[in-house]
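> dropping the sequence and predicted coords here.
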Amino acid sequence: MASHPNLSHLLPAARLRQLAKDWLQEDAPSFDYGGYAVGNRSECAVLLCKSPGVLAGFPFFEAIFAEVGCSVEWLQSEGVWVEPITRVAEVRGQAKDILLGERVALNCLGRCSGVATLATKACRAAREVGWHGEVAGTRKTTPGFRLAEKYALLVGGASCHRYDLGSLVMLKDNHVWASGSITQAVHSARRVGGFALKVEVECRSLEEAIEAAECGSDIIMLDNFTIQDLHPTAKTLKASFPHVTVEASGGITEENITQFVGPSIDVVSLGCLTQSAKVVDFSLKIIREPVPKQPLRNFVF
């Protein structure tokens, strides 16, 4: 089994705690009637993965349960592919606290694992045809859940692209139209972005791409190009501006990604990685009897 890097160190502890508090506050803003019914008896619950996919979101799951006073023991590693039914973790704490964190934690884990799974599939498809560029997500994320989804992209082997408006200057069609021209937009952005930020321009034609490169853009996004136009345009652009990063975007999916990658394409970005990912199915079951330590199949409670 291939080893997977521990990416949890990327996440600021204070931010994790705040997210956990916010998510729990949303789910339990007043009384917890179910918690009252079960009381404070100490329990152990087993986390089961019930559909195939890549495990992701462990730090968020842990932070949620830490906030309600429960401990988590992981039995699998983040980033691995699992088949159903696999025993992933055990959660220990008072019954009311386990159930208070349950749905919030499962929502987070299922969503993160879904994004990581789709990212893994897209990256694998690109690698299998011998392409060595970067598969990237986009800023098309769920409000309030961006950190988790961007983290899941990394777990799945994809690039985050830019995290927010301040991490990369991206000039899209509306920026260009409002500024008057690509050149004017790039010069204005350079004035405030300085040396520390790269500038990317969204282009719809070879002529726009050449203008963007000539005025100092670092990255050229060839947006919504047909397959027939994409690769000749990228090749021409690279021939004149070999140091410019060329990104293809628009309409790219796991199913057609192999048509968009090529020798003159450095990055492909896919909004579907965060917008269309199917959640991985998890459940958390309080156990009454000892549970085997190995992954389970057809385990019935």
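Noted; the coordinates are in hand.
> where does the stretch 1-150 of the chain dip in pLDDT?
The model of the stretch 1-150 of the chain has pLDDT under 70 over residues 1-3.
> switch the cut-off to 80
For the stretch 1-150 of the chain, the stretches with pLDDT under 80 are 1-4.
> which stretches in it count as strands?
Ranges of strands in the stretch 1-150 of the chain, per DSSP state E, counting those that start in this stretch, are 42-49, 53-54, 71-74, 81-82, 86-94, 134-136.
> and the contacts of the fourth one?
Think strand 81-82. 49, 52-55, 76, 88, 117, 120, 295 (CB atoms under 8 Å, 6 or more residues apart in numbering). Yep, even glycine has a C-beta here, placed from its N, CA and C like the rest.
> of those, buried ones?
Buried by 16 or more other CB atoms under 10 Å: 49, 53-55, 76, 88, 117, 120, 295, out of those.
> now do the phi/psi pair for residue 130.
In this entry, residue 130 is assigned phi and psi values of phi 80, psi 10 (degrees, to the nearest 10).
> do the same with residue 131
Note on residue 131: its backbone torsions stand at phi -90, psi 140 [degrees, to the nearest 10].
> correct me, but it touches residue 262?
Yes. Look at residue 131 against residue 262 with CB atoms under 8 Å: they come within range, at 7.3 Å.
> ok, and the closest non-adjacent residue to residue 144?
Excluding its sequence neighbours, the residue lying closest to residue 144 (CB to CB, 6 or more residues apart in numbering) is residue 22, at 7.4 Å.
> again with residue 164
For residue 164, ignoring the flanking residues on the chain, the nearest one in space by CB to CB, 6+ apart is residue 139 at 7.4 Å.
> need the contact list for the one you found.
146, 161-164.
> residue 69: neighbour count?
Residues lying near residue 69 (other CB atoms under 10 Å) number 13.
> could you look up the SS state of residue 255?
Residue 255 falls in the coil class when you classify it by DSSP: H, G, I helix; E, B strand; the rest coil.
> gap between it and residue 126?
12 Å (CB to CB, to the nearest Å).
> for those two, work out which one has more neighbours and name it.
Here residue 255 and residue 126 are set side by side on neighbour count (other CB under 10 Å), and the busier one is residue 126, at 23 against 11.
> quick check: buried residues in the longest helix seen in the chain?
For the chain, the longest helix by residue count, based on DSSP state H, is helix 95-128. Counting neighbours by 16+ other CB under 10 Å, one finds that the buried residues in helix 95-128 are 95-102, 104-123, 125-126.
> any idea how far it is from the chain center?
Mean C-alpha position of helix 95-128 versus that of the full chain (CA atoms, centre = their mean, to the nearest Å) differs by 10 Å.
> quick one: that helix to strand 86-94, angle?
For helix 95-128 against strand 86-94, the angle by axes from the mean of the first three to the mean of the last three CA atoms, to 10 degrees is 150 degrees.
> now name the helix or strand holding residue 200.
Element membership for residue 200 (DSSP states H and E) is strand 199-203.
> mean confidence for that strand?
Mean pLDDT, strand 199-203: 97.
> partners of that strand, with directions?
Sheet pairing of strand 199-203 (DSSP bridges) gives strand 169-171 (parallel), strand 219-223 (parallel).
> got JSON lines for these, with mean pLDDT and distance to residue 29 too?
Below are these laid out as JSON lines (pLDDT from 0 to 100; distance: least, CB to CB, whole Å):
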{"stretch": "strand 169-171", "mean pLDDT": "96", "distance to residue 29": "37"}
{"stretch": "strand 219-223", "mean pLDDT": "98", "distance to residue 29": "42"}
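> tell me which of those sits most buried.
strand 219-223 (a mean of 23; mean count of other CB atoms under 10 Å).
> report all helices and strands that whichever helix or strand comes after that one contacts.
As assigned by DSSP H and E, the chain's next helix or strand after strand 219-223 is helix 227-240. Judged by 3 or more CB pairs under 8 Å, 6 or more residues apart in numbering; DSSP states H and E, helix 227-240 is in contact with helix 206-214, strand 219-223, strand 245-249, helix 257-260.
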